[in-house]
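1. pasted the sequence and its predicted model underneath.
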Amino acid sequence: MEGRPWTFDQHLIGMDNIEDGIQPSEITLSWSPFWVRLYNLPMNARTEYHVRRIGKNIGTVMDVDYDGVCLDKSSWVRVMVDFSKPLRLIIKMKNSNEIVVVVEVKYERLPIFCFSCGRIRNMESDCEYSVENDREGEKQWGTWLKASPRKGCLKKLEEAKQFLSCSRALNFSRHAWKQWGFDESGGGGVGG
């Protein structure tokens, strides 16, 4: 269960814990966890709190891959996705200046899905949600929804921890203060 999503021949294998005494007809398998990559996050929305809030627009948030710095071009969040519904392509949100920005969504280990309706449950050839005309036109969903694997994330996490643990103090000698035009107390000099 921890290693989900599992696929066979690029098709998603739906899995869930089953309670004792449940009837097979009552079992619905329509949820699977995915690591989702969020691109184009505003600089003030890169905290773990903000990534969780943005992830809630996709599904139930399980985990956030947060290194404490978030200087990368994207952020990762593990979300329980309802694969009976169309995949989210974008999330619109307002930044601190009240300007609407678009956050792009991509999914790691995304199995085969329908480019017409965006659902993982079926392929385009047997899609019950789209009409024949929709199948021939430009598609809203495509292979571009697949995110590159999270390889190297552990290395980035270690680098971020090392970066955050560093603290350096700059010490200037009296000679340097005088050279830059400051008096010995550090005041005065150039520009002030």
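-> Happy to help now that I have it. Numbering: from 1, shown residues only.
2. every contact and neighbour count from this point should use C-alpha atoms.
-> OK.
3. which residues does Asn44 contact?
-> By Cα atoms under 8 Å, 6 or more residues apart in numbering, the contact list for Asn44 reads Asn95, Ser96.
4. the closest residue in space to Tyr66 that isn't next to it in sequence and Glu2, how far apart?
-> Of all residues not flanking Tyr66 in the chain, Glu48 sits nearest, at 6.1 Å (Cα to Cα, 6 or more residues apart in numbering). Using Cα to Cα, to the nearest Å, Glu48 is found at 22 Å from Glu2.
5. do the same with Ile99
-> 38 Å.
6. between those two, which one's more packed in?
-> For the pair Ile99 and Glu2, the greater number of neighbours falls to Ile99 (9 against 5), based on other Cα atoms under 10 Å.
7. on that earlier part again, burial of the residue nearest to Tyr66, as a residue count?
-> A total of 20 residues lie near Glu48 under the criterion other Cα under 10 Å.
8. that one reaches Val61, doesn't it?
-> No - under the criterion of Cα atoms under 8 Å, Glu48 is not in contact with Val61, lying 11.5 Å apart.
9. model confidence for the residue nearest to Lys92 when sequence neighbours are not counted, exactly?
-> Nearest non-adjacent residue to Lys92, counting by Cα to Cα, 6+ apart: Val102, 4.7 Å away. Looking at Val102, its pLDDT is 93.
10. doesn't Val102 belong to a strand?
-> Yes - secondary structure assignment places Val102 in a strand (DSSP: H, G, I helix; E, B strand; the rest coil).
11. would you mind writing the CA trace of stretch 81-101 as PDB?
-> Extracted C-alpha coordinates of stretch 81-101, given in PDB (Å, rounded to 0.1, in the frame of the first residue of the first chain):
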ATOM      1  CA  VAL A  81      -6.400  11.500  -6.300                       C
ATOM      2  CA  ASP A  82      -9.900  10.400  -7.200                       C
ATOM      3  CA  PHE A  83      -9.200   8.800 -10.600                       C
ATOM      4  CA  SER A  84     -12.900   8.600 -11.500                       C
ATOM      5  CA  LYS A  85     -12.700  12.400 -12.100                       C
ATOM      6  CA  PRO A  86     -10.700  14.300 -14.700                       C
ATOM      7  CA  LEU A  87      -7.100  15.000 -13.700                       C
ATOM      8  CA  ARG A  88      -6.400  18.600 -12.600                       C
ATOM      9  CA  LEU A  89      -4.400  20.500 -15.200                       C
ATOM     10  CA  ILE A  90      -3.900  23.800 -13.400                       C
ATOM     11  CA  ILE A  91      -4.800  25.600 -10.200                       C
ATOM     12  CA  LYS A  92      -5.700  29.300 -10.300                       C
ATOM     13  CA  MET A  93      -4.900  31.300  -7.200                       C
ATOM     14  CA  LYS A  94      -4.300  34.900  -6.300                       C
ATOM     15  CA  ASN A  95      -0.800  36.000  -5.200                       C
ATOM     16  CA  SER A  96      -0.100  38.600  -2.500                       C
ATOM     17  CA  ASN A  97      -0.800  41.400  -5.000                       C
ATOM     18  CA  GLU A  98      -4.300  39.900  -5.700                       C
ATOM     19  CA  ILE A  99      -3.200  39.000  -9.300                       C
ATOM     20  CA  VAL A 100      -4.500  35.600 -10.500                       C
ATOM     21  CA  VAL A 101      -1.600  33.200 -11.300                       C
END
